[in-house]
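Visitor: Just need the structure, nothing else, for what follows:
(chains A and B)
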Amino acid sequence: KAGVTQTPRYLIKTRGQQVTLSCSPISGHRSVSWYQQTPGQGLQFLFEYFSETQRNKGNFPGRFSGRQFSNSRSEMNVSTLELGDSALYLCASSLARQFSGANVLTFGAGSRLTVL
Amino acid sequence: KQEVTQIPAALSVPEGENLVLNCSFTDSAIYNLQWFRQDPGKGLTSLLLIQSSQREQTSGRLNASLDKSSGRSTLYIAASQPGDSATYLCAVHTGTDKLIFGTGTRLQVFP
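Guide: Numbers count the residues shown, from 1 in each chain, chains lettered A, B, ... in the order given. I've put the predicted structure just below:
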């Protein structure tokens, strides 16, 4: 059973550029959540998608956006990159909504973004 | 605002020791608490999930307890092994439907 796949694993961008990250959930999982991890702020929730709809959003600026396709694959986009966007971006999938009952999240290995 | 703190930030122990990792949260109104493990450069692996109505959960050498009233959870690792070396994170599911993570405890178990 394949796990959660994130691509690309590593990427380098410069300030002002935009980036798109992809997440393929475990087959059958309908919820995909995105998190940002930095040494200073730790792990912070970005947003959750379920059945192609954004269900929940963290406290991030509008430069951070995402979407989910009918096959549950999800992408997140960051526009006008800033140095502070350098981070490990993790996605997690689950069968049901992220916060329903004893729903366990399965995380991908992450996409490490460096902004120069 | 929910805040989650983990103590200690780092821990280095010899193989075979029993360990206790601590997690504290400021708002006792939580739905559940999870413990995760993160290996360097990798994602998170869920270890244990404790519902708010439960007091503890066990999986192999791991035991997690939850005391909602005092805002505390502990992760007990029995007979530690070098393969247990990783960063351990706790996370609480709050009423605002968000998962709030602690800052983690970096554990090193040496032979």
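Visitor: near chain A, anything from stretch B:99-111?
Guide: Yes. Judged by Cβ under 8 Å from any Cβ of the partner chain, stretch B:99-111 and chain A are in contact via B:99-104. Backbone N, C-alpha and C define where each C-beta goes, glycine included.
Visitor: Also stretch B:30-38?
Guide: Yes. Applying Cβ under 8 Å from any Cβ, one finds that stretch B:30-38 is in contact with chain A at B:31-32, B:34, B:36.
Visitor: Name whatever forms a beta bridge with B:Thr58.
Guide: B:Asn63 (DSSP bridges).
Visitor: Neighbours of it, how many?
Guide: 11 (other Cβ atoms under 10 Å in any protein chain shown).
Visitor: and it, how far is that from chain A?
Guide: Look at B:Thr58 and chain A: by Cβ to the nearest Cβ, to the nearest Å, they are 15 Å apart.
Visitor: what does the model give that residue for pLDDT?
Guide: B:Thr58 carries a pLDDT score of 96 in this model.
Visitor: now do A:Phe99
Guide: pLDDT, A:Phe99: 59.
Visitor: Low-confidence stretches in chain A?
Guide: A:1, A:97-103 (pLDDT under 70).
Visitor: how far away is A:Leu113 from B:Ile30?
Guide: Computed as Cβ to Cβ, to the nearest Å, the A:Leu113 to B:Ile30 distance reads 31 Å.
Visitor: quick one: contacts for B:Leu11?
Guide: Neighbouring residues of B:Leu11 by Cβ atoms under 8 Å, 6 or more residues apart in numbering or on different chains: B:19, B:21, B:105-108.
Visitor: picking that back up, and which of the residues of stretch B:99-111 next to chain A is nearest chain A?
Guide: In terms of Cβ to the nearest Cβ, no member of the residues of stretch B:99-111 next to chain A lies closer to chain A than B:Phe101, at 3.9 Å.
Visitor: phi, psi of the closest one?
Guide: Main-chain torsions, B:Phe101, degrees, to the nearest 10: phi -90, psi 150.
Visitor: What sits closest to it if chain neighbours are left out?
Guide: Of all residues not flanking B:Phe101 in the chain, A:Leu43 sits nearest, at 3.9 Å (Cβ to Cβ, 6 or more residues apart in numbering or on different chains).
Visitor: Is it correct that the one you found is in contact with A:Tyr35?
Guide: Yes. Here A:Leu43 reaches A:Tyr35: they are 5.2 Å apart, a contact under Cβ atoms under 8 Å.
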